[in-house]
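Participant: What shape does this take:
(chains A and B)
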Amino acid sequence: MSAITHDTHGHHDAHGHHDHHEETFISKYIFSQDHKMIGKQFLITAVFMGLVAMLLSLLFRIQLAWPGESSDFLTLFLGETWAPGGILKENMYLGLVTIHGTIMVFFLLTGGLSGTFSNILIPLQLGARDMASGFLNMISYWLFAASSVIMLVSLFIETGPAMAGWTIYPPLSALPQAIEGSGLGMTLWLVSMTLFIAGSLVGSLNYIVTVLNLRTTGMSMTRMPLTIWAFFVTAILGVLSFPVLLSAAVLLMMDRLAGTSFYLSDIIVGGEMLENHGGSPLLYQHLFWFLGHPEVYIVLLPALGLSSEIISTNARKPIFGYRAMIGSILAIGFLSFIVWGHHMFVTGMNPFLGSVFVFTTLLIAIPSAVKVFNYLTTLWRGSIVFTPAMLFAIGLVSTFITGGVTGIILADSALDIAIHDTYFVVAHFHIVMGMSAVFGMFAGVYHWFPKMYGRMLNTRLGYAHFWVTLVGAYGVFFPMHFVGLAGAPRRYYDYSVYNEFDTESYEMMLDLNVIITVFAIIAAIGQIIFLFNFFYSIFRGPKAVQNPWRSNTLEWTTPVEHIHGNWPGALPVVHRWPYDYSKPGAEEDFILQTIPLAEGEEEH
Amino acid sequence: MLGKFDYKLTTQENELALLTTATIDSAIRYMEFGKADSTVLGIKLLESKLNNPKNIFIPEDREKMETDLDRKTRLLRLLYQIKARHNSKLDATAYDDILQKDTLHLLKGKEYEISFRAKDVIHSAYFPHLRAQINTVPGQVTRLKVTPTISTKEMRERKKNPKFNYVLMCNKICGSAHYKMKMIVVIDTPQQYYAWLKSKTTFKDDYLKPAAVATDSTATVSAGDSTSMAMN
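Facilitator: Next up, the predicted model:
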């Protein structure tokens, strides 16, 4: 798709000449329709939710490391209801695990990566004044905020939050008689997720329309930075898969409140013989994982996109294999829809169907590997500048390899039989999501902080934050591989059963759990470095220059001070792709996309 | 062959809901009359209580009893349909089943096809040492095939741990007691196995015994995941 004519943007240019835009505190900071403000709103909300979820993880990790021992920390946060005598109650353990997972996957990673960076970067990197619809953008944030509030509220109700794991499989999640959290807590979870899905859909539609329609003159699809490609495909994935989760949730609501039997059949629970017949819990699993799998790519693709940009800029080299990168993003996007069965290998499905999912899951490893190789070849012989953002981006690549290889193991249904629902799986997804994707988010924050707040983050604190997080997080998740291979199931309150049949394993698990928890506490405390750096630098950080990283993309051609409409005058015109770093024959080691081709210069 | 089953036939004496002429009649009786000590009210008693003008109930209690009555009435209808359709020739397949509740005994070297059901929520049958796992789903039967090759005694020698045991653990979140839901598995040599087998009684012996059998309530029973094994 080639250039769009100037004329349609005529009236937008006129906007840029507005000096006065009567803004109240509310219209500027609360109900803003400016994509830059909305992006920051997403970031702050997501980080706050992430901190809550991190606290929840510390609470249940204390129980796992020191089972049966009283803890003042638990009493402080959970009181006598949920931690009588300082010992976590079994059902609240499950509740904490559930809400931790839900918040991290949806609120921190989807909201914090997609919501934040799609909003901030799409218009800026495309040369657009704002998103296609500022109003819908605002709605998407406020739906996200409302869903966050409801999810947090569910932690404080009398019967407790949802307790069936973040995957909330029925019948456990459909029957309050089976566990208390499946009463009001489950209803609140479903309401919160409905709002979240609505917000996500509205946002995704906005991003897609903006990418397709609002690119500036000269910004063809193949001149877009890889971040935009990633956000674009992510948004398409979201539009296609989130409605399926909504349908799963609606059917679950109906089973719980309207007496239907979508997921229920032949059940006797709590001494009560229920009438439901003909439903299947497996239907829920199919519907859930049809979203669940694309969801993890919705989380990961923006992180990968951000890394492409950061690695290329800080290696002063064009990203290796730009078209292959685009192809990989599209391939990952497409394949992510046909692998969901790998979460269901042990449900009793026909092994032949299982083998189909093995095949497609192994296939999706290929474009992921292509991306990893391209990052590595971009770094090779580059003039690397080690900013904190660069460290986190390289950290993303490294942890993606570590987490990815265990994914290959889990992809094989025969191997999965022994390790499904054990800590091996927990280790795998925490390394790819809790390390890789989170590192992508940190890298994005460190790299685009100057664009978001007009100031610089402190570099040394950034380095400290990186190393504490890397070492801490690996210390948490690496031992989990061994615990999992030893057969330790997930979502177990403690491992006392092992004492009854294999005391040696029991000792090993106790020791490893202590190590994991200690590292978790260290890594959690390490985040204080980031929080301090972040909030302090917003107000007192050194003022940023217009293009502190000497990067090529369009967002660095806007003034440091935020203005509505992004550019004070006319929209930029693009003449080249965004990766002209260290181009032979050029004076500088970077060439902005807006700089026209020199005489005799060939475009990449 | 394993006996047929239907969840509506579950009673205290017939925990695995096996389908025989006697169990159908017993389930019908249970639905109509409830438990002898009135801890569970049957249809007759519910009707008489609710229809008695001298009884006053708070609205929640009345509603609960009415829902219970409606549900039981509909279930009773279904039980009569089962009775009408039942072919008594099938009874033998249920009567020869051996039920075991506290420990699972398997014969070393024998290829087992194990069928799993679940009563309340999804559980998972996980034999970590045998590298075998399958979810148990309420409303359907799942199965796996496994051949144990090392007996408990041999494994104890290998691990130099005389207290070692194989185990069957639940591996799908199923409630507060998920972490406690397990069954010890013993893999016997042929000698041990057939000795153990001699001591077991079939469902026919247990169920058709004249006196009511006091079932012991172990954790595994209340959590709802059960296995029954066919002897051929």
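
Participant: tell me which residues in whichever strand or helix holds A:Ala53 are buried?
Facilitator: Element membership of A:Ala53, judged by DSSP states H and E, is helix A:35-65. Using 16 or more other CB atoms under 10 Å in any protein chain shown as the test for burial, helix A:35-65 gives A:35-43, A:45-47, A:49-50, A:52-54, A:56-65. Using the backbone N, CA and C atoms, a C-beta is placed for each residue, glycine as well.

Participant: is it anywhere near chain B?
Facilitator: No: Helix A:35-65 lies out of reach of chain B by CB under 8 Å from any CB of the partner chain, never closer than 10.6 Å.

Participant: So which elements touch that helix?
Facilitator: Judged by 3 or more CB pairs under 8 Å, 6 or more residues apart in numbering or on different chains; DSSP states H and E, the packing partners of helix A:35-65 are helix A:72-82, helix A:90-102, helix A:119-126, helix A:134-153, helix A:438-453, helix A:503-540.

Participant: List the contacts of A:Leu188.
Facilitator: A:Ile150, A:Met151, A:Val153, A:Ser154, A:Ile157, A:Pro161, A:Ala162 (CB atoms under 8 Å, 6 or more residues apart in numbering or on different chains).

Participant: Please list only the buried members of those residues.
Facilitator: Buried among the contacts of A:Leu188 (16+ other CB under 10 Å): A:Ile150, A:Met151, A:Ser154, A:Pro161, A:Ala162.

Participant: Present those residues as TSV; the columns should include pLDDT and distance to B:Leu50.
Facilitator: As requested, the buried ones among the contacts of A:Leu188 are exported to TSV (pLDDT from 0 to 100; distance: CB to CB, whole Å):
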residue	pLDDT	distance to B:Leu50
A:Ile150	97	39
A:Met151	97	42
A:Ser154	96	37
A:Pro161	95	37
A:Ala162	95	35
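
Participant: Among those residues, which one lies nearest to A:Trp229?
Facilitator: A:Met151 (30.9 Å; CB to CB).

Participant: Excluding sequence neighbours, find me the nearest residue to that closest one.
Facilitator: Spatially, and ignoring its direct neighbours in sequence, A:Met151 is nearest to A:Ser192 (4.3 Å; CB to CB, 6 or more residues apart in numbering or on different chains).

Participant: now the strand or helix carrying the one you found, how far from the chain's geometric center?
Facilitator: In the assignment (DSSP H and E), A:Ser192 maps to helix A:184-213. Using CA atoms, centre = their mean, to the nearest Å, the mean C-alpha position of helix A:184-213 is found 14 Å from that of the whole chain.

Participant: close to chain B, is the helix or strand that it is followed by?
Facilitator: Counting by DSSP H and E, the next helix or strand C-terminal to helix A:184-213 is helix A:226-257. No: judged by CB under 8 Å from any CB, helix A:226-257 stays clear of chain B, getting no closer than 12.5 Å.

Participant: So in chain B, where's the weakest helix or strand by average pLDDT?
Facilitator: helix B:219-223 (a mean of 26; mean pLDDT, DSSP states H and E).

Participant: and the residue nearest the centre of chain A, what pLDDT?
Facilitator: By CA atoms, centre = their mean, the mean C-alpha position of chain A lies nearest to A:Leu109, the distance being 2.3 Å. A:Leu109 carries a pLDDT value of 96.

Participant: Before we move on, what's the pLDDT of the closest residue to it other than its chain neighbours?
Facilitator: Distances taken as CB to CB, 6+ apart place A:Val299 nearest to A:Leu109, at 4.3 Å, with adjacent residues excluded. For A:Val299, the pLDDT comes out at 96.

Participant: Not counting sequence-adjacent ones, nearest residue to A:Ala486?
Facilitator: Here the residue nearest A:Ala486, using CB to CB, 6+ apart, is A:Ser505, at 5.6 Å.

Participant: what do you get for A:Ile208?
Facilitator: The nearest residue in space to A:Ile208 (CB to CB, 6+ apart) is A:Ala235, at 4.9 Å.

Participant: Now do the one you found: how many residues are near it, please.
Facilitator: For A:Ala235, the neighbour count with other CB atoms under 10 Å in any protein chain shown is 27.

Participant: interface residues of the stretch 501-604 of chain A facing chain B?
Facilitator: So far as CB under 8 Å from any CB goes, the stretch 501-604 of chain A lies against chain B at A:Phe501, A:Asp502, A:Thr503, A:Glu504.

Participant: now do 6 Å
Facilitator: A:Phe501, A:Asp502 (CB under 6 Å from any CB of the partner chain).

Participant: Relative to chain B, which residue of the stretch 501-604 of chain A is the closest?
Facilitator: Nearest residue of the stretch 501-604 of chain A to chain B (CB to the nearest CB) works out as A:Phe501 at 3.9 Å.

Participant: isn't that residue right up against B:Lys163?
Facilitator: No: with contact defined as CB atoms under 6 Å, A:Phe501 does not count as touching B:Lys163 (7.8 Å).

Participant: So if I had to pick from the two, which one is more boxed in?
Facilitator: For A:Phe501 and B:Lys163, the more surrounded residue by other CB under 10 Å is A:Phe501, and the numbers stand at 20 against 12.

Participant: For burial, what's the neighbour tally of the closest residue to that one other than its chain neighbours?
Facilitator: What sits nearest to A:Phe501 in space, not counting adjacent residues and going by CB to CB, 6+ apart, is B:Asn165, at 3.9 Å. As a burial measure, B:Asn165 scores 17 neighbours (other CB under 10 Å).

Participant: so what pLDDT did A:Ala3 get?
Facilitator: Looking at A:Ala3, the pLDDT reads 44.

Participant: I should have written A:Ile563 there, sorry.
Facilitator: pLDDT, A:Ile563: 87.

Participant: what secondary structure does it sit in?
Facilitator: Secondary structure state of A:Ile563, per DSSP: H, G, I helix; E, B strand; the rest coil, is coil.

Participant: domain ranges for chain B?
Facilitator: B:7-93, B:99-226 (automatic domain parsing).

Participant: Looking at those, spot the one closest to A:Leu362.
Facilitator: Nearest of the domains of chain B (CB to CB): domain B:99-226, 20.8 Å.

Participant: thought the residue nearest to A:Met151 was touching A:Ser147?
Facilitator: Yes: in this structure, A:Ser192 is within contact of A:Ser147 by CB under 6 Å, at 4.5 Å.

Participant: Taking the stretch 151-300 of chain A, what residue is nearest to chain B?
Facilitator: A:Ser265 (2.9 Å).

Participant: helix, strand or coil for that residue?
Facilitator: coil.

Participant: Give me the spatial nearest neighbour of it, chain neighbours excluded.
Facilitator: B:Gly139 (2.9 Å).
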